[in-house]
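# sequence plus the predicted model coming up.
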Protein chains: 2
Amino acid sequence: MKIGQATIKDIARELNLSASTISRALKDYPGISDETKKKVKEVAEKLNYRPNAIALSLRKSRSYTIGVIIPEVVHFFFSTVISGIEEVAFSRGYNVILTQTNEKLEREKSSINTMLSNQIDGFMISFSKETSDFDHFSQLLEQNYPIVFFDRVPDLDGAVNVIVDDYQGAYDATKHLIEQGYNTIAHLAGPKNLKICIERERGYRDALKAHQMPIREEFILECADGTPEHSKEITRKLIANFADKPDAIFANNDMVAAGAMMACKEAGLRIPEDVGIVGFSDWQICTLVDPSLSSVYQPGFQIGSKATELLLDMIEKKISADQIQSPVVLNTKLIMRKSSKKRE
Amino acid sequence: MKIGQATIKDIARELNLSASTISRALKDYPGISDETKKKVKEVAEKLNYRPNAIALSLRKSRSYTIGVIIPEVVHFFFSTVISGIEEVAFSRGYNVILTQTNEKLEREKSSINTMLSNQIDGFMISFSKETSDFDHFSQLLEQNYPIVFFDRVPDLDGAVNVIVDDYQGAYDATKHLIEQGYNTIAHLAGPKNLKICIERERGYRDALKAHQMPIREEFILECADGTPEHSKEITRKLIANFADKPDAIFANNDMVAAGAMMACKEAGLRIPEDVGIVGFSDWQICTLVDPSLSSVYQPGFQIGSKATELLLDMIEKKISADQIQSPVVLNTKLIMRKSSKKRE
DNA sequence: TTGTATGCGTTATCAA
DNA sequence: TTGATAACGCATACAA
């Protein structure tokens, strides 16, 4: 059987003092004799006293816990974000309750409910692919729960959103390919219901326009599930179907880029000489594939840490949601590696 | 300001009943008239009543929360494990509090303390690289806190450990290389303070012995930090320093294997013709590198789910620690890909 | 069938 | 300088 933790009462009994005196002594309240304080602290030490955070939560209606809801833990980007969340939360004395939705709306809703039951102080949410209406979020906002959305964010009045500059990242990547002398740049796009993917496509299109290059719709293909297998398949067809094949590919993410890379190699195309490739996210795989993959770096850790700082500031009333200029946009950075450097 | 959640008292007031009646009605206790139940539930619905889990925790001295302590979230293996933990915990109605230690002993200890303060029902721990004595764990065990260790586990009486069969996995990998006709197999080992790494090395050695192959200590090199860069460096030297170079490499993990692969390619060695390579863990990168990397699959998700099942069973007294045959060993599986298949 | 009293651990308020 | 009491939200033993 678990041995009961010592409580304030135990200390009180041992010293023949009242619980309130113990409580005060432990927190160095004024009006307690130094002698008493000393004794109390000794006994506390001896009994291995540890304040009961649950009781404190009940008393203060504050749990010092934030709830994090993400689609999937097993995802380089999200795990990086979690790491950033963790760091800030830990250093400011908050716990992190984590749930993944596995991209299911139902899980998202039920996670919110358990977290509400657990009296968490605030939410950090990146919503699921199934989530298309945001009523469950609006309700929370109306009840004034502090929420910070990150990466996958809703278009809601009063929501605090933290995102990266997908548009600019995509623009930079495409521009880079153009500057390297590639002429026909295809885009392997992501699912259309995610804003981040739309933004990336928009950046791609605008970069082409800005350089007076034609936008060829047949070279913009959706790789909805984002797996390398799928993208390999699509790239194969892309290469086979057109006499004037594209000579560069900008992919919506690194996995998709890696798949495209495999298809190109398979077709005997040399990278970067025959085909240039740029991915998005700058995961670790970029340096491991051959040739190394150029990619747009997304500051996952910073997204997590920034979002958490905002949330905790809101919780602690250092700032209110409407004082925050939302969305907070973090910069991406193009990392040039071999896969796109035709020119040295 | 956050709008106060409705409580049992609010319902009681609205219906002119006592709090206890409400409490009972909500839980369908016998001895409450159907009519009352109906009314109570309606009002509860109307007020959007949600039980306060904190109050429940205090009352029952049970938080329905488990604490997970891992070295790093941003790590494919651990994030997979978390996913498994999450799944089981969620489905059985438990919350997961997560902290990462960043491989620091101090963080490990302080995490344990905050979790104790938060009255968590049990621990799941994979310890940090700095952790070499286990007193802080022993203390918990003595106080009968339910703990399940996974992956990185201590040698402690009464500890429940969940691990994979590293020895067998390494044995299989080495045997496979031998069977493919490789003659001199090097091993890029992990840090010696982790049991898993020792076990992998042991499996490697035993496989060589079992096939009457000499064990050459100069071909067993430690890649302590496990980065591809470091391993690339080490492999370079390995190739350069010996006239009779090894013609195969068994690496302690996939990153290390990937680094080795890069060094081999750089030296003009063909994979798998000139050098065979096998990694460990079977991360996603295995199918993305060129050639695809053979590896020993570790069931991360299952480690998480199995460990959580055991922990929750212990918490719910369905089983006690000493009834569990520890360590619980999950099977690995050799996944053969191109990097090690000299023979078709 | 319902109500009253008590306690989980802590702290704020008031009293001594 | 210290103590008694009430309250946070809920469940339960006991009474009615």
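Received the coordinates, thanks.
# count the neighbours of the nearest residue to residue A:294 once chain neighbours are set aside for me.
Once flanking residues are discounted, residue A:294 sits nearest to residue A:340: 4.0 Å by Cβ to Cβ, 6 or more residues apart in numbering or on different chains. For every residue, glycine as well, the C-beta is placed using N, CA and C. By the criterion of other Cβ atoms under 10 Å in any protein chain shown, residue A:340 has 29 neighbours.
# same question for residue A:28.
By other Cβ under 10 Å, the residues close to residue A:28 number 9.
# and if you look at residue A:117?
Counted with other Cβ under 10 Å, residues neighbouring residue A:117 total 17.
# ditto for residue A:157
Neighbour count for residue A:157, taken as other Cβ under 10 Å: 8.
# wait, does stretch A:127-146 contact DNA strand D?
No: against DNA strand D, stretch A:127-146 shows no contacts by Cβ under 7 Å from any atom of the strand, the least distance being 14.4 Å.
# check which residues of that stretch are buried.
Buried residues in stretch A:127-146, counted by 16 or more other Cβ atoms under 10 Å in any protein chain shown: A:127, A:128, A:129, A:131, A:134, A:137, A:140, A:141, A:145, A:146.
# could you list the domains of chain A?
Domain ranges of chain A: A:8-50, A:63-164+A:300-330, A:166-298, per automatic domain parsing.
# and the furthest pair within the buried residues of stretch A:127-146?
A:129 and A:146 (24.8 Å; Cβ to Cβ).
# now the helices for the stretch 1-150 of chain A?
A:8-15, A:19-26, A:34-46, A:53-60, A:76-91, A:105-117, A:135-142 (DSSP state H, counting those that start in this stretch).
# tell me which of these approaches residue A:259 most closely.
Closest approach to residue A:259 among these is made by helix A:76-91 (15.7 Å; Cβ to Cβ).
# centre-most residue in chain A?
Nearest to the mean C-alpha position of chain A, by Cα atoms, centre = their mean, lies residue A:81 at 4.1 Å.
# from residue A:26, how far out is it?
Separation of residue A:81 from residue A:26 (Cβ to Cβ, to the nearest Å) stands at 37 Å.
# residue A:96 now?
Noted for residue A:96: a distance of 26 Å to residue A:26, by Cβ to Cβ.
# which residues does the nearest residue to residue A:147 once chain neighbours are set aside contact?
Nearest non-adjacent residue to residue A:147, counting by Cβ to Cβ, 6+ apart: residue A:123, 4.4 Å away. Residue A:123 sits next to A:66, A:67, A:68, A:69, A:112, A:115, A:140, A:145, A:146, A:147, A:148, A:311 when contact means Cβ atoms under 8 Å, 6 or more residues apart in numbering or on different chains.
# one more: residue A:336?
Counting by Cβ under 8 Å, 6+ apart, residue A:336 touches A:176, A:294.
# repeat that with 6 Å
Contacts of residue A:336 were listed using Cβ atoms under 6 Å, 6 or more residues apart in numbering or on different chains, and they are residue A:294.
# repeat that for the one 4 residues further on.
Residue A:340 is in contact with A:180, A:272, A:276, A:278, A:294, counting by Cβ under 6 Å, 6+ apart.
# help me confirm that the second one is found in a strand?
Read that as residue A:272. No: assignment of residue A:272 by DSSP: H, G, I helix; E, B strand; the rest coil gives coil, placing it outside any strand.
# quick one, phi psi at it?
Phi and psi for residue A:272, reported as degrees, to the nearest 10, are phi -100, psi 0.
# for DNA strand C, see how far away it is.
The gap separating residue A:272 from DNA strand C is 63 Å, by Cβ to the nearest atom of the strand, to the nearest Å.
# need the contact list for that residue.
Listed by Cβ under 6 Å, 6+ apart, the contact set of residue A:272 reads A:339, A:340, A:341, A:342.
# which of those are buried?
Listed as buried from those are A:339, A:340, A:342; burial here means 16+ other Cβ under 10 Å.
# for those, give me a markdown table that also has secondary structure.
What follows is the buried ones among the contacts of residue A:272, written out as a markdown table (three-state DSSP):
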| residue | secondary structure |
| --- | --- |
| A:339 | helix |
| A:340 | helix |
| A:342 | coil |
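# which single one of the residues you listed is nearest to residue B:331?
residue A:339 (37.5 Å).
# touching, the closest one and residue A:293? I think so.
Yes: counting by Cβ atoms under 6 Å, residue A:293 is a contact partner of residue A:339 at 4.7 Å.
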